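S.K.: model this:
(one chain, ligands or ions: 1)
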Amino acid sequence: MTVPENAAADRTPLRPVAAVHAITKRFGVTVALDEVSLEVTGGEVHALVGRNGAGKSTLVSVLTGLTPPDSGTVEFGGEPAPAIADREAWRSRVACVYQKSTIIPSLSVAENLFLNRQGLNRQGSGLISWDGLRRKARNLLDAWEVDVDVRVPAERLTVEQRQLVEIARALSHGSRFIVLDEPTAQLDGGAIERLFARMRSLRESGVTFLFISHHLDEVYEVCDTVTVMRDARHIVTSPVAELDKTALVAAMTGEATGLIEPSSDRSAPPEGSAPALQVSGLGLPGVFTDVSLTVAPGEVVGLAGSGGSGKMAVGEVIVGLRRAVQGTVEVGGVRPRPGSVPAALRAGVGFVPQDRHREGLVPDLSIAENATLTVPHRLGRFGFVGSRRRAALGAEAIETLTIKAAGPEQPVSALSGGNQQKVVMARALVSDPTALVLMQPTAGVDVRAKETLLGAASAAADRGAGVLVVSDDLDDLRPCDRVIVLFKGEIVTEVARGWTDHELIAAMEGIRD
Ligand SMILES: Nc1ncnc2c1ncn2[C@@H]1O[C@H](COP(=O)(O)OP(=O)(O)OP(=O)(O)O)[C@@H](O)[C@H]1O
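M.R.: Numbering: from 1, shown residues only. Reported below is the predicted structural model:
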């Protein structure tokens, strides 16, 4: 993807494409941004990192004109930002590609690119010229080398394709400054490399990126400059090459102790106990074949595989989000009705779904309500949830999972992304599950919070749960007693604890020694 000639960006070096000065933003008693100043230079990839709740999303929201700050100013190319209501003017200066798609699923790619846009070619009658619309969309995507059929409904796009379409849409509005909010969170290794290659080539053409990620390795791989935020404040901005990882983590956490790897020191599972989870001969044509695995009480087992391995589908069948065509799932000796989440929960499953926006949380409910959604029968008689008990469980979740919140009654919509993920984990744990199934459990959580979440999973195993961690994040898999590897829908190998990164990645990519 290179900038087409007629759209070549103005590449004045070292000019701030965007700048914020002394921005303060409060939500009630919470100070989300405290006098934050930041300049983003033209043609760089600028990382924005910080722990969950540090204020990154709020800053992006101010920088894209979605949230007016309480005080402070925003500038683009040295000029004051447009009036908040002038969306078109904002869109021509800055765009954000969010983790959650802003594309309308039922509309075609072409419609998503051009509907509601001025200059849309209408016929005399006021009707839209669909041919013209498709042609324009095709030309646009061709110009940015995005190989997607503009006629298909957007819901059929992969995450990778959707991101490219959103980037192309941003560029077509004239913006040469793009914010990528955790773009790699839902991509597999190959797609991440392709995204980085595109970012590099767009950077060469003068496009500037603000890149938000909790994967610090990615900061070193693709970014030129890094800004660290902590507790609503700007801490440091530095060339990436001049800030090593220990210093970066110290800036994020405010501690000088550096990076702590998750502990891998767990006791061996007890022998001879009945399985917490038994999966036998599971099959879903075109997705996975003949998957059998057992997780003993007290055991933590990883289920790994790269994109297209089918691992998520296996996890979703176990928790009742999908139905397999062949095979069975047993939880503590009980066989829940296939394809039913309530049945799986009743049988003793606790789970963290991959997509917390879709299956995870009810945004308007409080932390305590969300954390206890699955267990009303345990909280009071006749299904009524005792509010005191619920608040206590909410407070306990805040404490054990270090959720950054005003209190258990705060709605989850007011939490940062990483803290919402912790509430999903709290909900999975609160029912004291027999089988705990965690799908990409640390997506979007910061480096320290990862330890907390994985520690909580290990603690559940110590209490007797069988834990299945479905993930391709090596940090998630490190605390596992063993890791089962799926490749193209089949179990290809199992590696015992003590694996090397190389060994596991090779297995996930289908490379056999
Ligand atoms: N709409 C809101 N109402 C109340 N509080 C909010 C709202 N939006 C954000 N906050 C609070 O502002 C603070 C900063 O949150 P923000 O989402 O900007 O953090 P973040 O750095 O993006 O975190 P993460 O990495 O977890 O996404 C948090 O304490 C959060 O709870």
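
S.K.: all helices of the stretch 201-350 of the chain, in order?
M.R.: For the stretch 201-350 of the chain, helices defined by DSSP state H, counting those that start in this stretch occupy the ranges 216-222, 245-253, 311-318, 341-347.

S.K.: Could you list the residues of the stretch 301-450 of the chain in contact with the ligand?
M.R.: Listed as neighbours of the ligand in the stretch 301-450 of the chain under the rule C-beta under 6 Å from any ligand atom: 404, 414-419. The way it works is simple: take the backbone N, C-alpha and C, and place the C-beta from them, glycine included.

S.K.: Ok, the chain next?
M.R.: 27, 30, 32, 50, 52-58, 404, 414-419.

S.K.: Just the buried residues of these.
M.R.: Buried by 16 or more other C-beta atoms under 10 Å: 30, 32, 50, 52-58, 404, 414-419, out of the residues of the chain next to the ligand.

S.K.: Give me the subset of those lying in strands.
M.R.: 30, 32, 50 (DSSP state E).

S.K.: got a list of what the second one touches?
M.R.: By C-beta atoms under 8 Å, 6 or more residues apart in numbering, the contact list for Ala32 reads 25-26, 55, 58, 232.

S.K.: Could you check how far it is from Gly55?
M.R.: 5 Å (C-beta to C-beta, to the nearest Å).

S.K.: And the lowest mean pLDDT element among the helices and strands of the chain?
M.R.: Least confident helix or strand of the chain, by mean pLDDT, DSSP states H and E, is helix 376-379 with a mean of 46.

S.K.: Show me what secondary structure element comes after it.
M.R.: helix 387-400 (DSSP states H and E).

S.K.: Okay, buried residues for that next one please.
M.R.: Buried residues in helix 387-400 (16+ other C-beta under 10 Å): 390-391, 393-398, 400.

S.K.: Could you do stretch 352-371 as well?
M.R.: Applying 16+ other C-beta under 10 Å to stretch 352-371 flags 352-354, 356, 359-361, 365-371 as buried.

S.K.: can you tell me which residues contact Leu164?
M.R.: Per C-beta under 8 Å, 6+ apart, neighbours of Leu164: 1, 144, 146, 148, 198.

S.K.: burial of the last one, as a residue count?
M.R.: Pointing back at Arg198 there. 19 (other C-beta atoms under 10 Å).

S.K.: how close does it get to the ligand?
M.R.: 24 Å (C-beta to the nearest ligand atom, to the nearest Å).

S.K.: same deal with the fourth one?
M.R.: Going from Val148 to the ligand by C-beta to the nearest ligand atom gives 28 Å.

S.K.: Next, count neighbours for the closest residue to that residue other than its chain neighbours.
M.R.: The shortest distance from Val148 to any non-neighbouring residue, by C-beta to C-beta, 6 or more residues apart in numbering, is to Gln161 (5.1 Å). Gln161 has 18 neighbours, counted by other C-beta under 10 Å.

S.K.: Gln161 contacts Asp149, correct?
M.R.: No - using C-beta atoms under 8 Å, Gln161 is not in contact with Asp149, being 9.6 Å away.

S.K.: Thanks a lot, catch you later.
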